[in-house]
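# Quick one, fold the following:
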Amino acid sequence: MRIIDLETINQAMNNETQFVLRCEEVFHDKVSSAASAILSAGRERRIVALTGPSGSGKTTTAMRLRDYLENLGVKVCLLSMDNFFLPLDQRPDRPDLLALVIKVCFQQRRKQLGSIARRCPLAPWLSAAIEQAGITPTLRPEQLTVADFQHISRFGASLLDNPLKN
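Prediction:
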């Protein structure tokens, strides 16, 4: 750990643009290092959790890390707890849709997702959401992770909010 005193920070701030650029460079290096550590873990499905005090940059770091990994071709589903305390109808991740997707998928035992989605009058958007989420329609629901279901429900919410995307 490196300790930086106030005098050093004040000197660096003499050139504000350079200071900001250097901070961004250091942040990018840390995100790059984190992405490398995640990818070297060797597992097909990885779960990464960020914790810290309010306002410490967890969401910003998670979004930058997601962007970095997606640029490398890694499929990422970002689950945020930022809106956990909002009423259900005000949460952007639509837990009502997540519950519906899980319920619909597990009502028909031993069926593939594509087959379930085509036969689902409750969620006509489900086939498109599965496709947009990058989930293979020949998989069965029990083969998906919670993050996969969350990803499908987010694309479903996007389709419902913007029907022209469908």
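
# Assign a three-state SS to Arg109, would you?
Secondary structure for Arg109, judged by DSSP: H, G, I helix; E, B strand; the rest coil, is coil.

# check which helix or strand covers Ala157.
Per DSSP states H and E: Ala157 is located in helix 146-161.

# ignore the last one, Arg64
helix 58-71.

# Pretty sure Leu97 sits against Gly156.
Yes - here Leu97 reaches Gly156: they are 5.1 Å apart, a contact under Cβ atoms under 8 Å. Placement of C-beta: from N, CA and C, glycine included.

# Can you mark which positions in the helix holding Arg64 are buried?
Within helix 58-71, the residues that count as buried by 16 or more other Cβ atoms under 10 Å are 58, 61-62, 64-66, 68-69.

# got it, and stretch 147-160?
Within stretch 147-160, the residues scored as buried using 16+ other Cβ under 10 Å are 147-159.

# Distance of the nearest residue to Gly134 once chain neighbours are set aside relative to Asp96?
The shortest distance from Gly134 to any non-neighbouring residue, by Cβ to Cβ, 6 or more residues apart in numbering, is to Lys75 (5.5 Å). According to Cβ to Cβ, to the nearest Å, Lys75 and Asp96 sit 24 Å apart.

# Ok, Asn71 next?
Distance from Asn71 to Asp96, counting by Cβ to Cβ: 32 Å.

# so what's the backbone phi/psi at the residue positioned nearest the centre of the chain?
Geometric centre of the chain, nearest residue: Leu78, 1.4 Å, by Cα atoms, centre = their mean. For Leu78, the backbone dihedrals (degrees, to the nearest 10) come out as phi -90, psi 120.

# hang on, it packs against Ala62?
Yes - counting by Cβ under 8 Å, Leu78 does reach Ala62; the two are 5.8 Å apart.

# What residues of stretch 125-138 count as buried?
The neighbour-count check on stretch 125-138 (16+ other Cβ under 10 Å) flags 125-130, 132-133, 135 as buried.

# so can I have CSV of those residues showing distance to Ala37 and pLDDT?
Listed next are those as CSV, based on distance: Cβ to Cβ, whole Å; pLDDT from 0 to 100:
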residue, distance to Ala37, pLDDT
Trp125, 37, 85
Leu126, 35, 88
Ser127, 36, 88
Ala128, 35, 88
Ala129, 31, 88
Ile130, 31, 89
Gln132, 29, 86
Ala133, 26, 86
Ile135, 26, 89
